[in-house]
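**Student:** need a 3D model of the following:
(2 chains)
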2 protein chains.
Amino acid sequence: MPTVDFFYEFASTYSYIAAMRIAPLANGAGVTLRWRPFLLGPIFKAQGWDTSPFNLYPAKGRYMVRDCERQCADLGLSFRLPEPFPQNSLQAARVALAGLDEGWGEDFSRAVYRAEFAEGRNIGEPAVIADIVQALGHDASAALARAQSDDIKGRLRANTEDAQRLGIFGAPSFIAGGELFWGNDRLEQALAFSGRS
Amino acid sequence: MPTVDFFYEFASTYSYIAAMRIAPLANGAGVTLRWRPFLLGPIFKAQGWDTSPFNLYPAKGRYMVRDCERQCADLGLSFRLPEPFPQNSLQAARVALAGLDEGWGEDFSRAVYRAEFAEGRNIGEPAVIADIVQALGHDASAALARAQSDDIKGRLRANTEDAQRLGIFGAPSFIAGGELFWGNDRLEQALAFSGRS
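**Tutor:** You can find the predicted model right below:
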């Protein structure tokens, strides 16, 4: 079965939309997904940016909000920009890696995105992350402790380094058939491409 | 009949793809198009950029080439990046405005894009622009002279100023139903949206 690597960043608006769409589409296309949370911060820093390009370029930022509202409306999803934007996504990404090991990482990822971009909660707050883990029926303090382990920290760094090595410069990104596809708009094409090679 | 403003820049790769697709799609959607060539240079300059973001951010530039190859392959279009990139598009934009007045501007615009991105010709050279006008059966020296008139120069400046005022930060862009849509990927959505309002 073809495999697609799904690189997503919890602070990224378009990663939210892709994360809410990807599972049934991959299933329908017969594609196995590898959910790979990563951090855009180090990649943006290497490009000379100290925040999101949506903050650096206000016209682009204003457009992004309206575009996400329209895209989400078409999909029946809510959308709001959280305060602050971008959010601190470090802990969410580490907990997601812990959850992916234990089979609840995909549900957790979708729940984080919903909390952040539908409900406007601050995912940089440990209490919000703990709430989300608990609502999924798992032990929040165990998950948060595991997220601080050297193993998980190292694996998040490895995902981010892999992303950079693969030429990833934004999120979401997909690696399919050895090629890079960038953006929620390329999700369907990436899934179709993975079967070709 | 609803109207969509099509803002395109002759140096822009994704404007090429949109320009080759837009006429039959608009026709099918019952939408009247206003073809509005403009210049991204002044808009990029206001953002602090002195060249294309695809040059400023090499990972993004490499991705763009491969993405355009894939998008064009799906549409049966050729794609190559011209030398230099981005091309000087000032004269092409002025001649397009002259041609739009006389009913051959759309064909000219497509022919310029084909020369630039399918054949790799340098559209910054007056001889290339003259060739294209002539191949369409029009008087090249008359068109090039008219392109240098104060009227045409002022109208290209006005298109560029309108674009900036409308929040446009890249190309292609569409104004439909009073809203901005950015990128070849949003062409269909813009056409559909224009009918709603």
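**Student:** C-alpha only now, for contacts and for neighbours.
**Tutor:** OK.
**Student:** okay, now the unreliable bits of chain A?
**Tutor:** A:197 (pLDDT under 70).
**Student:** let me see the ranges of the helices in it.
**Tutor:** Applying DSSP state H to chain A gives helices spanning A:13-29, A:41-46, A:53-56, A:58-75, A:90-101, A:105-113, A:126-135, A:140-147, A:150-165, A:187-194.
**Student:** I'd like the distance between the nearest residue in space to A:Ser78 that is not next to it in sequence and chain B.
**Tutor:** Leaving aside its sequence neighbours, A:Ser78 sits nearest to A:Ala118 (CA to CA, 6 or more residues apart in numbering or on different chains; 4.9 Å). As judged by CA to the nearest CA, to the nearest Å, A:Ala118 and chain B stand 22 Å apart.
**Student:** neighbours of A:Ala118, how many?
**Tutor:** Look at A:Ala118: counted by other CA atoms under 10 Å in any protein chain shown, it has 18 neighbours.
**Student:** how much space separates it from A:Phe79?
**Tutor:** Relative to A:Phe79, A:Ala118 is positioned 5 Å away (CA to CA, to the nearest Å).
**Student:** A:Val31 now?
**Tutor:** 28 Å.
**Student:** so the two - more neighbours on which side?
**Tutor:** Neighbour totals were compared for A:Val31 and A:Phe79, and A:Phe79 leads with 23 against 19 (other CA under 10 Å).
**Student:** dump the residue contacts of that one.
**Tutor:** A:68-69, A:72, A:117-118 (CA atoms under 8 Å, 6 or more residues apart in numbering or on different chains).
**Student:** between the residues you listed, which is nearest B:Trp182?
**Tutor:** Ranked by distance to B:Trp182 (CA to CA), the contacts of A:Phe79 are led by A:Cys68 at 12.1 Å.
**Student:** ok, that closest one - contacts?
**Tutor:** The contact partners of A:Cys68, by CA under 8 Å, 6+ apart, come to A:13-14, A:79.
**Student:** please redo it, this time with the cut-off set to 7 Å
**Tutor:** For A:Cys68, the contacting residues are A:Phe79, by CA atoms under 7 Å, 6 or more residues apart in numbering or on different chains.
**Student:** next one: A:Ser52
**Tutor:** So A:Ser52 contacts A:Pro86 (CA under 7 Å, 6+ apart).
**Student:** again with A:Ala93
**Tutor:** Going by CA under 7 Å, 6+ apart, A:Ala93 touches A:10, A:37-38.
**Student:** in TSV, list the residues you listed along with neighbour count.
**Tutor:** Listed next are those as TSV, based on neighbours: other CA atoms under 10 Å in any protein chain shown:
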residue	neighbour count
A:Phe10	31
A:Pro37	28
A:Phe38	28
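**Student:** so which of the contacts of A:Phe79 is the closest to chain B?
**Tutor:** Distance to chain B across the contacts of A:Phe79 (CA to the nearest CA) is lowest for A:Cys68, with 11.3 Å.
**Student:** how close does the closest one sit to A:Leu75?
**Tutor:** 10 Å.
**Student:** and the gap between the spatially closest residue to A:Lys60 that is not a sequence neighbour and A:Thr13?
**Tutor:** Nearest non-adjacent residue to A:Lys60, counting by CA to CA, 6+ apart: A:Phe54, 5.7 Å away. A:Phe54 is 10 Å from A:Thr13, where distance means CA to CA.
**Student:** try A:Tyr63
**Tutor:** Computed as CA to CA, the A:Tyr63 to A:Thr13 distance reads 12 Å.
**Student:** higher neighbour count, these two?
**Tutor:** A:Thr13 (24 against 19).
**Student:** and for A:Leu33, the neighbour number?
**Tutor:** Residues near A:Leu33, counting by other CA under 10 Å, number 18.
**Student:** pull the contacting residues for it.
**Tutor:** Each residue near A:Leu33 by CA under 7 Å, 6+ apart is listed here: A:3-6.
**Student:** let's see which of those end up in strands.
**Tutor:** A:3-6 (DSSP state E).
**Student:** filter the residues you listed to the buried ones?
**Tutor:** Among the ones in strands among the contacts of A:Leu33, those classed as buried by neighbour count (16 or more other CA atoms under 10 Å in any protein chain shown) are A:3-6.
**Student:** dump those into TSV; add distance to chain B as well.
**Tutor:** Listed next are those as TSV, based on distance: CA to the nearest CA, whole Å:
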residue	distance to chain B
A:Thr3	20
A:Val4	17
A:Asp5	17
A:Phe6	17
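**Student:** and of those residues, the nearest to B:Asp162?
**Tutor:** A:Phe6 (38.8 Å).
**Student:** so that closest one makes contact with A:Arg36?
**Tutor:** Yes. Using CA atoms under 7 Å, A:Phe6 and A:Arg36 qualify as a contacting pair, with a distance of 5.6 Å.
**Student:** please tell me how far the nearest residue to A:Arg114 once chain neighbours are set aside sits from A:Pro42.
**Tutor:** Nearest non-adjacent residue to A:Arg114, counting by CA to CA, 6+ apart: A:Tyr16, 7.9 Å away. Distance, A:Tyr16 to A:Pro42, by CA to CA: 20 Å.
**Student:** when those two are compared, which one has more neighbours?
**Tutor:** A:Tyr16 (27 against 16).
**Student:** can you tell me the distance between the two ends of stretch A:116-124?
**Tutor:** 10 Å.
**Student:** up against chain B, what does chain A have?
**Tutor:** Within chain A, the positions adjacent to chain B are A:47, A:57, A:59-60, A:167, A:169 by CA under 7 Å from any CA of the partner chain.
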